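*Asks:* model this:
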Amino acid sequence: MKTYRLLAALGAALSLALLSTAAPAQTDPDETAQGDVSVTIYNNGQALVQDVRQLPIAQGRSRIEFPDVSAQIRPETLSFAADGAAIVEQNFDFDLLTPAKLMEKAIGQTVTLVRTNPATGVETRERATVLSTAGGVVVKIGDRIEVLRDDGLPVRTVFDRVPPNLRARPTLSVTVESDRGGARPASIRYLTPGLGWSADYVSLYDEATGAIDMQGWVTLTNQTGTTFHRADTLLVAGSPGSAAASNRRYPPPPPPRPGMVRPGTESTGREQVGEFYLYPIEGRTTIANNQTKQVSFLDVQGVPARKVYARTVGWLANDDAPVNVSSEIAFSSSRQGGLGDALPAGTVRFYQRDSQGTPQFIGESAIGHTPMGSELSLRTGDAFDIFVQAEVERREEITSAEWESSARYRVIRDGEVVEQLDVERPKQFYRTTMRYTLTNAKAAPVEVDLVQAGLDRGWWGHDFRVVSEDIPGEQLNADRRKWVVPVPAEGERVIRVTYETRF
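*Replies:* The predicted structure follows:
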């Protein structure tokens, strides 16, 4: 309880401390020492800031200050350039002027405590020496030691001055050697965490016309401790590698591409640097500290799209109950008949109008960086009315066990073969009949993309072949086979597929 009261008292005292100090304040939100600012923001929470300012530089050795840099600047990445001047030393003053820092820096100094009698409103002032701020504020007043506590009496602290090593704004200072004096452009360039961006997509799906209208939004976030005024902003879709990445907490990498059916093979007209696409923000924009800002970068109407119902079944799946199929929306990012752009990683949110014409949210799905020309089928949720139940109807061994010699296994130590083993295993043949029951409670017929997975498990698994199937299927790869199953309105459809497998 004592610790709580002391901390509460410290908070109460410090919250009022700055109100009475004579420290300079930046009252105008548009006031800044920044010059011509350019910001390049990457997907990994890192940004490149370039700032060109017109500064007077004295001949010989002098110190130049750059207020309003990022409070999270990585000083080791700084680059300074000014005609006729070379950098000698740099310092970043990151002790910002806060009530807590102001009290800490006042240890050993004398301050004025102002107490107000709540009954009379009369103020009393006492000079006090700050002794400690560890766990609470301890002061010496005359011959007594007192702990500032939360006793309900209004108390504020008045400081005589602001300590010289506290800054109201994050400030970078450099010592330069100049061959001449005079005003000239001076630029700094540095990397900083705290600036990030992501893409979000709003898609309105019209099932009657089979089309979507999609708008893409860039969401900028700034947690650097500094506002970047009228910045020329460039977004980079990609995460450049960093030697210091293991020491910094970045957002997770872009999500996988569960909805990508086929990656694109079309090149877009967007500018690239290295392997990354560039997304410039039109016009200059102010990125305020602790702000989230959204800017539109994609707006396309009437893109062909279709609804897809799908379920993937695992090998020898034996459902106890029917399982909802997945509802998906399929479309293309191609130049012809698609969105016509490369899509940065983000979240696609789908809406559909109800009978009153009001758009209603129907689901969302994440995408990774997606090249132009890709075919996508993005899951929006589970279909309410459509189910699939997969069951093993019959499974039987069709041959007696035969033995064969498998591959020879080698035991290697220190790069030399020290032992060879011949391993034998049984070869077994099975015939398996799977029954898939599909039900549809909708008033219209539907088609379901039914996929059987797990057909190929490598050397420890089995070879397979399809002996019979009620409707023709398509072999997607060695592991997966797909059937497009028509299901009647308010009806049921049962299909059977028989496989022969060799273990």
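*Asks:* where does the protein dip in pLDDT?
*Replies:* 1-30, 92-98, 101, 149-154, 162-168, 238-239, 241-260, 399-427, 457-462, 503 (pLDDT under 70).
*Asks:* what residue of it is the furthest out?
*Replies:* Residue farthest from the centre of the chain, counting by Cα atoms, centre = their mean, is Asp143 at 57.1 Å.
*Asks:* from Thr129, how far off is that residue?
*Replies:* As defined by Cβ to Cβ, to the nearest Å, Asp143 lies at a distance of 12 Å from Thr129. C-betas here are computed from N, CA, C, even on glycine.
*Asks:* got it, and Phe464?
*Replies:* Look at Phe464 and Thr129: by Cβ to Cβ, they are 86 Å apart.
*Asks:* who has more neighbours out of the two?
*Replies:* Shown here are Phe464 and Thr129; by other Cβ atoms under 10 Å, Phe464 has more neighbours (20 against 16).
*Asks:* after the helix or strand containing that one, which helix or strand is next?
*Replies:* Under the criterion of DSSP states H and E, Phe464 resides in strand 463-469. Elements were assigned by DSSP H and E; along the chain past strand 463-469, the next helix or strand is strand 474-475.
*Asks:* pull up the pairing partners for that next one, direction included.
*Replies:* strand 481-487 (antiparallel) (DSSP bridges).
*Asks:* could you report the neighbour count for the residue nearest to Val467 when sequence neighbours are not counted?
*Replies:* Leaving aside its sequence neighbours, Val467 sits nearest to Thr498 (Cβ to Cβ, 6 or more residues apart in numbering; 4.4 Å). Thr498: 16 surrounding residues under other Cβ under 10 Å.
*Asks:* so what's the gap between the host helix or strand of Thr498 and the chain middle?
*Replies:* Using DSSP H and E, Thr498 sits in strand 491-502. Offset of strand 491-502 from its chain centre (Cα atoms, centre = their mean, to the nearest Å): 43 Å.
*Asks:* could you give the angle of that strand to strand 481-487?
*Replies:* Here strand 491-502 runs at an angle of 160 degrees relative to strand 481-487 (axes from the mean of the first three to the mean of the last three Cα atoms, to 10 degrees).
*Asks:* ok, residues contacting strand 491-502?
*Replies:* When contacts are defined by Cβ atoms under 8 Å, 6 or more residues apart in numbering, strand 491-502 is touched by residues 393, 398, 427-440, 445, 450, 452, 455, 462-471, 473, 481, 483, 485-487.
*Asks:* the same query, at a cut-off of 6 Å, please.
*Replies:* 429-440, 462-471, 485, 487 (Cβ atoms under 6 Å, 6 or more residues apart in numbering).
*Asks:* which of the residues you listed count as buried?
*Replies:* Taking 16 or more other Cβ atoms under 10 Å as the criterion, what is buried in the contacts of strand 491-502 is 429-430, 432-434, 436, 438-440, 462, 464, 469, 485, 487.
*Asks:* widest-spaced pair of these?
*Replies:* Based on Cβ to Cβ, the longest span within the buried ones among the contacts of strand 491-502 runs between Phe429 and Asn440 and measures 36.3 Å.
*Asks:* quick one: the helices in the protein, in order.
*Replies:* Secondary structure of the chain by DSSP state H: the helices cover 2-17, 99-105.
*Asks:* name the residues of the shortest one that are buried.
*Replies:* Within helix 99-105, the residues that qualify as buried are Pro99, Lys101, Leu102, Met103, Glu104, Lys105, counting by 16+ other Cβ under 10 Å.
*Asks:* then it to CSV, C-alphas only?
*Replies:* Coordinates of the C-alpha atoms in helix 99-105 are reproduced here as CSV (Å, rounded to 0.1, in the frame of the first residue of the first chain):
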residue,chain,number,x,y,z
PRO,A,99,7.6,15.4,-15.9
ALA,A,100,9.4,12.3,-14.9
LYS,A,101,12.7,13.3,-16.5
LEU,A,102,12.4,16.8,-15.2
MET,A,103,12.1,15.5,-11.6
GLU,A,104,14.9,13.0,-12.1
LYS,A,105,17.3,15.7,-13.4
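*Asks:* separation between the residue nearest to Val467 and Asp463?
*Replies:* The value you get for Thr498 to Asp463, if Cβ to Cβ is used, is 15 Å.
*Asks:* go on, Asn318?
*Replies:* For Asn318 relative to Asp463 (Cβ to Cβ), the value is 22 Å.
*Asks:* also Leu378?
*Replies:* Counting by Cβ to Cβ, the gap from Leu378 to Asp463 is 34 Å.
*Asks:* same question for Leu148.
*Replies:* Counting by Cβ to Cβ - Leu148 and Asp463 are separated by 80 Å.
*Asks:* what residues are up against the closest residue to Phe384 other than its chain neighbours?
*Replies:* Distances taken as Cβ to Cβ, 6+ apart put Asn324 closest to Phe384, at 7.4 Å, once the chain neighbours are dropped. For Asn324, the contact set (Cβ under 6 Å, 6+ apart) comprises Asp382, Ala383, Phe387.
*Asks:* can you add neighbour count and distance to Pro280 and give those back as JSON lines?
*Replies:* Formatted as JSON lines, the contacts of Asn324 follow (neighbours: other Cβ atoms under 10 Å; distance: Cβ to Cβ, whole Å):
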{"residue": "Asp382", "neighbour count": "14", "distance to Pro280": "40"}
{"residue": "Ala383", "neighbour count": "22", "distance to Pro280": "41"}
{"residue": "Phe387", "neighbour count": "22", "distance to Pro280": "48"}
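*Asks:* in strands only, show me those.
*Replies:* Asp382, Ala383, Phe387 (DSSP state E).
*Asks:* quick one: contacts for the second one?
*Replies:* Put plainly, it is Ala383. Tyr309, Asn324, Val325, Ser327.
*Asks:* coming back round to it: mind giving me the packing neighbours of the strand holding Phe464?
*Replies:* Strand 463-469 sits against strand 491-502, with contacts defined as 3 or more Cβ pairs under 6 Å, 6 or more residues apart in numbering; DSSP states H and E.
*Asks:* now Ile64: how far from Leu78?
*Replies:* 12 Å.
*Asks:* of those two, which one has the most company?
*Replies:* Per other Cβ under 10 Å, whichever of Ile64 and Leu78 has more neighbours is Ile64, with 22 against 18.
*Asks:* near the residue lying closest to the more buried one once chain neighbours are set aside, how many other residues are there?
*Replies:* In space, Ile64 comes closest to Val174 once its chain neighbours are excluded; the distance is 5.4 Å by Cβ to Cβ, 6+ apart. Counted by other Cβ under 10 Å, the residues lying close to Val174 total 21.
*Asks:* beta partners of Val174?
*Replies:* Ile64, Gln90.
*Asks:* was I right to think it contacts Ala86?
*Replies:* No - judged on Cβ atoms under 6 Å, Val174 makes no contact with Ala86 at a distance of 10.2 Å.
*Asks:* between strand 463-469 and the strand holding Thr498, find me the angle.
*Replies:* Using the same axes, to 10 degrees: strand 491-502 against strand 463-469 is 140 degrees.
*Asks:* how about Arg184, what does it touch?
*Replies:* Counting by Cβ under 6 Å, 6+ apart, Arg184 has contacts Ala82, Asp83.
*Asks:* ok, it to Leu343 distance?
*Replies:* For Arg184, the distance to Leu343 - Cβ to Cβ - is 43 Å.
*Asks:* next one: Phe331
*Replies:* Phe331 is 11 Å from Leu343, by Cβ to Cβ.
*Asks:* what sits against Ala71?
*Replies:* Per Cβ under 6 Å, 6+ apart, neighbours of Ala71: Pro170, Thr224, Gly225, Thr226.
*Asks:* would you turn those residues into CSV with distance to Gln352?
*Replies:* CSV is the format used below for these (distance: Cβ to Cβ, whole Å):
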residue, distance to Gln352
Pro170, 47
Thr224, 39
Gly225, 42
Thr226, 42
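*Asks:* among those, which two are most distant?
*Replies:* Across these (Cβ to Cβ), the longest gap, 8.5 Å, separates Pro170 and Thr224.
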